[in-house]
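> Coordinates for the following, if possible.
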Amino acid sequence: MVVATYSNAGIDGVSDRLHRWIRARHNHPTNLRPRPVSLNVWEAVYMNHDLGKLSELADVAAEVGVERMVLDDGWFGARRDDHAGLGDWVISKDVWPNGLNPLIEKIKSKGMEFGLWFEGEMINPDSDLYREHPDWILHASGRTPIESRFQHVLDLTHEGAYQHVLGQVDAILCEYEIAYIKWDHNRVLTDAEHLGRAAVRNQTLAIYRLFDELKSRHPGLEIESCASGGGRIDLGMIEHADRFWTSDSNDALDRQQIQRYTTIAIPPEMLGTHIGPTHSHSTGRTASLAFRATTALFGHAGIEWDITETTAEERSQLRAWTDFYKANRALLHSGRVIRVDPSSADAHVHGVVAQDGSRALFAYVQLTQSAHNLPETMRFAGLDSNANYFIKLIKPFGDYNAVQKRDPSWVDGVNVSGAYLCNVGLRTPILKPEQAVLIEVSRA
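Modelled structure (predicted):
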C-alpha cells in the first residue's frame, strides 16, 4: 500500500491530511474512548518486581490521577535480567508465587486498569523454548545468527512458533484482567530467512495476524507497538496497534525533537509521551518537572518514574498535570498539529488548534542557551487571520525558569487579532535552557 497526499499549506497541511485520514478509521483509538493516563513501571523498578513496592506505586499513581498501570519486563520465566527468559511467557513463581492477581486487584481497587509487557517475537538461548526448539529462530541456512542483546528473533513464519506465542499470550490474557499490552521488539532482524527465502515481509504479516487474533479473542484489548522505542512506527502497523512508544529516550529535550517530527505522519494520540525521572537514565541530563510535563502533554500522556520518591509538591504538580491533560485531551487528540518555523535554532514553537479554530494550546520551548539573551519574536500559525483571540500564558503545573523575572506585558491576557499573531507575533519571556511555557488561545 502506498499513501500519498498533497497540500498547499506546507508540511503542517500534509500532516493534517494524514491525521484526518488516520482518525477517520473506525478502529482509531479516540473513536472508542479517551486516551487514559498511563504509569509504566519500567523506570521505577526495572526488573526488581516486588508486590509491596508496586502496591505503593499504585497508591501514589491513583493519588496523582493515573488511569492505567503497566507492569513491564521481568514477570515471566527465568527473566531476572536480560540474559534469559524470552520465549517462556508463563508467570514466574519465584517472583509472583500467587500469580499477578494480588497486584491486579490492588490496581483495580484504586480505579485503574492493568497492562502487561511482552516481547513475543524474541527468544533468549537461555530459555525453555530455545532448548526445546532451537530451530525456531530466524536464521540463514547452515549457521546460527549472531546474538543481539542476548537474544534471537523467533521465526513467526513457522506455524509452530506462531502458535506457541499465540497460545501462551492468550492464556495470560484469559487468566487475568488485562486491558492493554505493550509489545516490544528490542533488536534488529538479521539473517531473516525461512527455508532459504527472505522472511522479513512474512514475519511482519505474522505479527499483524497475531495482533488481530489477540484482539479478536479479547475485545477491547489495546496493543502498544514498541521497537526499542519508535523503530516500528509506520502506516501499516496503525491498522493493528493502538499506540506507539515514540522513543526509549524519555529525556524531555530529546523528546521535543522526536515528537515534533514523528507527529508529521502519526497523530499525537497514538504516540506514548511520558514524564520520565528528573535524571534521565538514557542521557544523564536532569530536567525540571514543569519542562518534562509540558513535553509529555502533547501526546498520549503518561508517567515512567518512581513516583513513590516524589515530594508532596511534585505530587501536587503531577495531579495538576493529569487534571489539565484530561480536561484538554479532546483538543490535543483531535486538533490540527502546528509546527511554527523557528526564528532561531535554540527555540521552537508548536501547538494544537481545534478543527473549528475556537481554541488552541501552544508551547514555546527554549531548547538550548539563547545566543543573545534577548526576547524572541514568537509568531503563531494555524489561526484565523480574520478572527480576534484572547491569548494568555498559563502555568497549570509549575513555573518556568527565566533569565529575567519580568514577563512580557501580554502574559496575563490580551485580545489580539489572528493576523497580528501570525504575521507580527509576540515577544517571548527570556527562558533558560530546557524550559517551556504554555500559551492558551481562544476565539474572542
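> Look up how far S249 lies from the spatially most central residue of the chain.
The chain has G272 as the residue nearest its centroid, 1.1 Å off, counting by CA atoms, centre = their mean. Computed as CB to CB, to the nearest Å, the G272 to S249 distance reads 12 Å. To be clear about C-beta, it is placed using only N, CA and C from the backbone, and glycine gets the same treatment.
> Repeat that for H281.
Going from H281 to S249 by CB to CB gives 9 Å.
> which one of those two has more residues nearby?
S249 (17 against 14; other CB atoms under 10 Å).
> This structure: helices as residue ranges?
For the chain, applying DSSP state H gives helices covering 10-23, 42-45, 51-64, 101-109, 128-132, 159-175, 200-217, 252-262, 289-297, 312-332, 418-423.
> closest one to D184 among the ones you listed?
Closest approach to D184 among the helices of the chain (CB to CB): helix 42-45, 10.1 Å.
> I'd like the average pLDDT over the closest one.
Over the span of helix 42-45, the pLDDT mean works out to 98.
> contacts for that helix?
Helix 42-45 has contacts (CB atoms under 8 Å, 6 or more residues apart in numbering) with 53-54, 57, 72-73, 117, 250, 276-277, 281, 304-308.
> tell me, how many neighbours does P97 end up with?
P97: 10 neighbours (other CB under 10 Å).
> do the same with the one 3 residues further on
Taking other CB under 10 Å as the criterion, the count of residues near L100 is 22.
> what's near enough to touch A62?
Applying CB under 8 Å, 6+ apart, we find A62 in contact with K110, G111, M112.
> between H281 and S249, what contacts are shared?
Counting by CB under 8 Å, 6+ apart, nothing touches both H281 and S249.
> circling back to that earlier point, now do the residue nearest to the centre of the chain against L51, distance only.
For G272, the distance to L51 - CB to CB - is 26 Å.
> same question, L173
In terms of CB to CB, L173 sits 21 Å off from L51.
> can you check L154 too?
Distance from L154 to L51, by CB to CB: 30 Å.
> neighbour-wise, which of the two wins?
Shown here are L154 and L51; by other CB under 10 Å, L154 has more neighbours (26 against 15).
> how many neighbours does the nearest residue in space to that one that is not next to it in sequence have?
Nearest non-adjacent residue to L154, counting by CB to CB, 6 or more residues apart in numbering: I123, 4.7 Å away. I123 has 27 neighbours, counted by other CB under 10 Å.
> returning to that earlier point: want to try JSON lines for the contacts of A62, with pLDDT, neighbour count and distance to S409 as columns?
Converted to JSON lines, those look like this (pLDDT from 0 to 100; neighbours: other CB atoms under 10 Å; distance: CB to CB, whole Å):
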{"residue": "K110", "pLDDT": "99", "neighbour count": "15", "distance to S409": "45"}
{"residue": "G111", "pLDDT": "99", "neighbour count": "10", "distance to S409": "44"}
{"residue": "M112", "pLDDT": "99", "neighbour count": "23", "distance to S409": "44"}
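> for the residues you listed, which one is nearest V349?
Using CB to CB, these come closest to V349 at M112, 34.6 Å.
> Was I right to think that closest one contacts A58?
Yes: here M112 reaches A58: they are 7.0 Å apart, a contact under CB atoms under 8 Å.
> who touches both of the two?
Common neighbours of M112 and A58 are listed as M69 (criterion: CB under 8 Å, 6+ apart).
> hmm, back to that, which PyMOL command selects the buried ones in the contacts of helix 42-45?
In PyMOL, a selection of the buried entries from the contacts of helix 42-45 looks like this (16 or more other CB atoms under 10 Å):
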select buried, resi 54+57+72+73+117+250+276+277+304+305+306+307
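> Poorly predicted segments of the stretch 301-444 of the chain, please.
Scanning the stretch 301-444 of the chain for pLDDT under 70 picks out the ranges 405.
> Could you pull up phi and psi at the residue of the chain positioned farthest from its centre?
Centroid-distance maximum for the chain: G142 at 39.8 Å, with CA atoms, centre = their mean. Dihedral pair for G142: phi 90, psi 0, per degrees, to the nearest 10.
> Give the full set of residues in contact with I307.
Applying CB under 8 Å, 6+ apart to I307 gives the contacts L39, A44, L57, V60, A61, V64, E314, R315, L318.
> swap in R217?
Counting by CB under 8 Å, 6+ apart, R217 makes contact with D170, L173.
> before we move on, what about V414?
V414 touches F390, I391, K392, counting by CB under 8 Å, 6+ apart.
> With respect to R197, which of these is nearest?
Ranked by distance to R197 (CB to CB), the contacts of V414 are led by I391 at 59.5 Å.
> For that closest one, name its beta-bridge partners.
V414, V441 (DSSP bridges).
> Verify the contact between it and V411 for me.
No: counting by CB under 8 Å, V411 is not a contact partner of I391; they are 9.2 Å apart.
> what about those two, which has more around it?
For I391 versus V411, neighbours defined as other CB under 10 Å are more numerous around I391 (21 against 17).
> check contacts around the more buried one.
Applying CB under 8 Å, 6+ apart, we find I391 in contact with W410, G413, V414, N415, V416, L421, L426, I439, E440, V441, S442.
> any idea how far V90 is from it?
56 Å.
> Ok, M270 next?
Distance from M270 to V90, by CB to CB: 31 Å.
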